[in-house]
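Student: Below: sequence and its predicted model.
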Amino acid sequence: MTQPVSSAQHNGPDKGVLTGPATAPPSKKQGGPRAFGLRADVRNLSLLGVLAVLIAVGGITEPEAFLDTGNLQLILTQASVIGVVTVGMTFVITSGGIDLSVGAMVALASVWATTLATQEYGFAGVLFTAVVVGLAAGLVNGLLIAYGGMVPFIATLAMLASARGLALQITDGKTQIVTVQSVLDLGLPDSYILGIPPLVLVFAAVTVVGWLILNRTTFGRRTVAVGGNAEAARLAGIDVRRQRLYLYLLSGLCCGIAAFMLIILSGSGQNTNGNLYELDAIAAAIIGGTLLSGGRGTIVGSVLGVLVFTTITNIFALNNLQSDVQQIAKGAIIVAAVLVQRRTLRNGET
Amino acid sequence: MPETSRRGLLFGTAAVSAGAFLTACTSNEPKSTGDSAAPNAQPAADDKPGKPVTIGFAGPQADHGWLNAINVNAKSRAEKYSEVTLEITEGSNDTAVQIGQVKTLINKKVDILVILPADGKALTQVGLEAMRAGIPVINLDRVFASPQAYRCWVGGDNYGMGLNAGHYIGEQLKGKSDAKVVELAGIDSLELTKQRSQGFADALKNYSNIKLVARQAADFTVESGQAKMAQLLQAQKKIDALWNHDDDQGVGALRAIQQAGRDEFVMVGGAGAKSAMDAIKADNSVLKATVLYPPTMAASAIDLARALGQSKGVGGLSEMEIPTSITLYSAVVTKENIDQYLPTGFS
């Protein structure tokens, strides 16, 4: 099980040699997409190694509860909502931006889509509202940042505050129970397709589409270009502002979809939904290998990052560890994962 | 940009109609049912109009069901008395803001203050200030650091909640050997969660056949309740009872139970939300009981404030004065007594 990590670690013959990680990225950036692809592969490989170690730990400590299909379904389902948010976040971070409002947008979309008035329109009404509210919030973010000249950190922080406020205003602090049966059914085992929960299928679809857009389209290359050097991108004829607008719209769209998924999962809408999603999504993207300063992003890495986090939480819960221990260990594991990654990366380069 | 105008127009129209639809969708008013039953329909022991009393009320932001119910209870109780004027502030979780609000109420020279502090310790000083200004303070639920800061404290019993939940489960599982019990706690960093868990553990010690096999902390939200419960069920393939500290997160927990297709155990809730009470009444899920943390305490605080303002005692006791502290009982609501408590359920 631990093969990937150990093999990756001993890959480089001269791992003791300092290659200077601080100076490596700029030179690599000019190395073109091929060189980057290699780096991304190595990175993902090391994350897979971390995941393998986690699975080994889970399998050893709680063999019965951890190693069964029910638990696999559970981990993937719990990763799905934050996973979709993280895909959108990966695009934004790749472009050199940040979206702190994702959790608030999920909350707003989920409560707007579960009011009694919306629920009267049934499945379509709930889905439509969740997606459109997400898009609308993303549009506001995008306009403020791309055309209003606001710093993404500030603009999305403002959105975080007002979207949470609006969500509270709509719910009045109450939990909005979903009564639309077709929505509820999608969260129950009867709706699983070949044993795969619909939410996981949506997550998979968003991941594939996200990967295709980032790696195989002009839109994706523009995103990377804007993140790498916005001025150079502008001089190369890219409409940087419009690109940024689209990226925050995309993040809003992902939040809208995630809100609908959360409604299915929890059977309700609440203004506290999506609590601290922004941190989870950013952490997953960074662990996955997306550069916080922009110019480099990997959807596969982000998804692996989400899976690592979800698996950690799962193993802790199955072992009945309490939240204080969970938090301490989670912090330690993040550091360990990044350190392992840096090491493998350094070895992979030489 | 003339060439984009048609597309722009189309998009604009779509956006406007979507906007109109969405605005209509923010409404949370039920269409047909007109029975928004006001909690606490019962009058006070002595409801004859007396001397006019102005009560100032300051609470935290009503960002979840229970706190919202606190406001509703206070308001509707005050409306019952023609001689009571309620000065209610916009709720805030910011200590500085709440201190300012209480000071404003002091300056307005209200007769009595009812304060549910966002943080009891932090609001102690302003409570003292009010008492020194000659305004008696009713401290609601979250207690001040000094007894000098209030005339009367009224609040819930977190330890008692756990105790009563534990005893109810103990009685349900009587005679069952090696019974397994699971606990879904609230936010672990809160004192009240520790008290609830302690009470629960202490009660279970009375039953040698019961073992608390797993405990996870959610954070009072539906989302966290679903996530943590799903994992608890995955970890424990067969259990006999579950205590969930909070009915809000219980909505998520029930969803997880439904998703896992489990029904072999008895679930007990906490706090007393309407959704939980409805489920207990319907008796079609594992949820068989809930332990109250009654929001009606706000109505009681209004009663106490009114009695203080009119220099009266409370009915049913032979004391001349109102007690300095009143701890409420965490009743166990089951199918048998549900009708009595249903009007106090909050959403």
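Tutor: That came through, no problem.

Student: Count the residues that sit near residue B:211.
Tutor: The local packing of residue B:211 (other CB atoms under 10 Å in any protein chain shown) involves 12 other residues. Heads up, the C-betas are built off the backbone N, CA and C, glycines and all.

Student: residues touching residue 102, list them.
Tutor: By default, I'm working from chain A. A:85, A:88-89, A:251, A:254-255, A:274, A:277-278, A:281 (CB atoms under 8 Å, 6 or more residues apart in numbering or on different chains).

Student: That was the other one, I meant chain B.
Tutor: B:56, B:58, B:89, B:113, B:115, B:123, B:126-127, B:129-130.

Student: follow-up on the earlier one: kindly reformat the contacts of residue A:102 as TSV containing secondary structure and distance to chain B.
Tutor: Formatted as TSV, the contacts of residue A:102 follow (DSSP: H, G, I helix; E, B strand; the rest coil; distance: CB to the nearest CB, whole Å):
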residue	secondary structure	distance to chain B
A:85	helix	13
A:88	helix	18
A:89	helix	18
A:251	helix	19
A:254	helix	17
A:255	helix	14
A:274	coil	8
A:277	helix	10
A:278	helix	15
A:281	helix	15
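
Student: Next, give me the two most distant ones among the contacts of residue B:102.
Tutor: B:89 and B:129 (15.8 Å; CB to CB).

Student: And residue A:294, what's its pLDDT?
Tutor: The model reports residue A:294 with a pLDDT of 91.

Student: again with residue B:94
Tutor: pLDDT at residue B:94 comes out at 86.

Student: How many residues are close by the closest residue to chain A within the stretch 101-250 of chain B?
Tutor: Using CB to the nearest CB, the closest approach of the stretch 101-250 of chain B to chain A is made by residue B:231 at 3.6 Å. Neighbourhood size, residue B:231 [other CB under 10 Å]: 25.

Student: With adjacent residues omitted, what lies nearest to it?
Tutor: Using CB to CB, 6 or more residues apart in numbering or on different chains and skipping residues adjacent in sequence, the residue nearest residue B:231 is residue A:317, 3.6 Å away.

Student: quick one on the thing from earlier: helices - which of the contacts of residue B:102 land there?
Tutor: Using DSSP state H, the subset of the contacts of residue B:102 located in helices is B:126-127, B:129-130.

Student: Any chance you could list what contacts the strand or helix carrying residue A:221?
Tutor: According to DSSP states H and E, residue A:221 maps onto helix A:218-228. Applying CB under 8 Å, 6+ apart, the contact partners of helix A:218-228 are A:29, A:91, A:93-97, A:213-214, A:232-233, A:236, A:238, A:240, A:243-244, A:246-247, A:291, A:293-297.

Student: Quick check: residues of the stretch 51-200 of chain B near chain A?
Tutor: When proximity is defined as CB under 8 Å from any CB of the partner chain, the stretch 51-200 of chain B approaches chain A at B:61-65, B:67-68, B:188.

Student: run the last query once more with 10 Å
Tutor: Proximity of the stretch 51-200 of chain B to chain A, by CB under 10 Å from any CB of the partner chain, involves residues B:61-69, B:71-72, B:91, B:182, B:185, B:187-189, B:193.

Student: is it true that residue B:182 lies in a helix?
Tutor: No - assessed by DSSP: H, G, I helix; E, B strand; the rest coil, residue B:182 does not belong to a helix; its assignment is strand.

Student: hang on, it packs against residue B:256?
Tutor: No - applying CB atoms under 10 Å as the test, residue B:182 and residue B:256 come out as separate, 12.0 Å apart.

Student: For the closest residue to residue B:210 other than its chain neighbours, grab phi and psi.
Tutor: Once flanking residues are discounted, residue B:210 sits nearest to residue B:179: 4.7 Å by CB to CB, 6+ apart. Per-residue torsions, residue B:179: phi -70, psi 140 (degrees, to the nearest 10).

Student: how many other residues sit next to residue B:179?
Tutor: Neighbour number of residue B:179 under other CB under 10 Å is 21.

Student: where do the strands sit along chain B?
Tutor: Secondary structure of chain B (DSSP state E): strands located at B:53-58, B:84-88, B:112-115, B:137-140, B:152-155, B:179-185, B:210-217, B:241-244, B:266-271, B:287-292, B:325-327, B:332-334.

Student: Against which helices or strands is the third one packed?
Tutor: Applying 3 or more CB pairs under 10 Å, 6 or more residues apart in numbering or on different chains; DSSP states H and E, one finds that strand B:112-115 contacts strand B:53-58, strand B:84-88, helix B:95-107, helix B:124-132, strand B:137-140, strand B:152-155, helix B:297-309.

Student: re earlier: counting neighbours, which of the contacts of residue B:102 end up buried?
Tutor: B:56, B:58, B:89, B:113, B:115, B:123, B:126-127, B:129-130 (16 or more other CB atoms under 10 Å in any protein chain shown).

Student: that older thread, and the contacts of residue B:102 as a markdown table, adding distance to residue A:266?
Tutor: Below are these laid out as a markdown table (distance: CB to CB, whole Å):
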| residue | distance to residue A:266 |
| --- | --- |
| B:56 | 38 |
| B:58 | 33 |
| B:89 | 32 |
| B:113 | 39 |
| B:115 | 34 |
| B:123 | 34 |
| B:126 | 38 |
| B:127 | 38 |
| B:129 | 43 |
| B:130 | 42 |
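
Student: Nearest to chain B: which residue in the stretch 201-350 of chain A?
Tutor: Closest point on the stretch 201-350 of chain A to chain B, by CB to the nearest CB, is residue A:317, at 3.6 Å.

Student: give the contact list for residue B:126.
Tutor: B:58, B:95, B:98-103, B:105-106, B:113, B:115, B:117, B:137, B:144, B:149 (CB atoms under 10 Å, 6 or more residues apart in numbering or on different chains).

Student: And those, which of them are buried?
Tutor: B:58, B:95, B:98-99, B:101-102, B:105-106, B:113, B:115, B:117, B:137, B:144, B:149.

Student: In space, what's closest to residue B:18 - neighbours in sequence excluded?
Tutor: Closest to residue B:18 by CB to CB, 6+ apart is residue A:132, at 5.2 Å.

Student: The one you found touches residue B:22, doesn't it?
Tutor: Yes - using CB under 10 Å, residue A:132 is in contact with residue B:22, at 6.2 Å.

Student: one step back: list buried residues within the contacts of helix A:218-228.
Tutor: A:29, A:91, A:93-97, A:213-214, A:233, A:238, A:240, A:243-244, A:246-247, A:291, A:294-297.

Student: related to what we said a few turns ago, would you format the contacts of residue A:102 as JSON lines with pLDDT included?
Tutor: Output for these, formatted as JSON lines (pLDDT from 0 to 100):
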{"residue": "A:85", "pLDDT": "98"}
{"residue": "A:88", "pLDDT": "98"}
{"residue": "A:89", "pLDDT": "97"}
{"residue": "A:251", "pLDDT": "98"}
{"residue": "A:254", "pLDDT": "98"}
{"residue": "A:255", "pLDDT": "98"}
{"residue": "A:274", "pLDDT": "94"}
{"residue": "A:277", "pLDDT": "95"}
{"residue": "A:278", "pLDDT": "95"}
{"residue": "A:281", "pLDDT": "95"}
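
Student: out of those, who has the most neighbours?
Tutor: residue A:255 (37 neighbours).

Student: contacting residues for that residue?
Tutor: Counting by CB under 10 Å, 6+ apart, residue A:255 has contacts A:84-85, A:88-89, A:99, A:101-110, A:130-131, A:133-135, A:137-138, A:163, A:262, A:274, A:277, A:281.

Student: pLDDT weak spots in the stretch 1-150 of chain A?
Tutor: A:1-42 (pLDDT under 70).

Student: how about the residues of it near chain B?
Tutor: A:62, A:64-66, A:68, A:70-71, A:73-75, A:77-78, A:81, A:106-107, A:110-121, A:125-126, A:128-129, A:131-133, A:135-136, A:139.

Student: Residue B:200 against residue B:182, yeah?
Tutor: No - with contact defined as CB under 10 Å, residue B:200 does not reach residue B:182; the gap is 11.0 Å.

Student: who's in contact with residue 138?
Tutor: I went with chain A, as the question did not name one. A:88, A:92, A:99, A:101-102, A:105, A:156, A:159, A:245-256.

Student: please go with chain B instead
Tutor: B:55, B:57, B:112-116, B:150-154, B:298, B:300-305, B:308, B:322, B:326.
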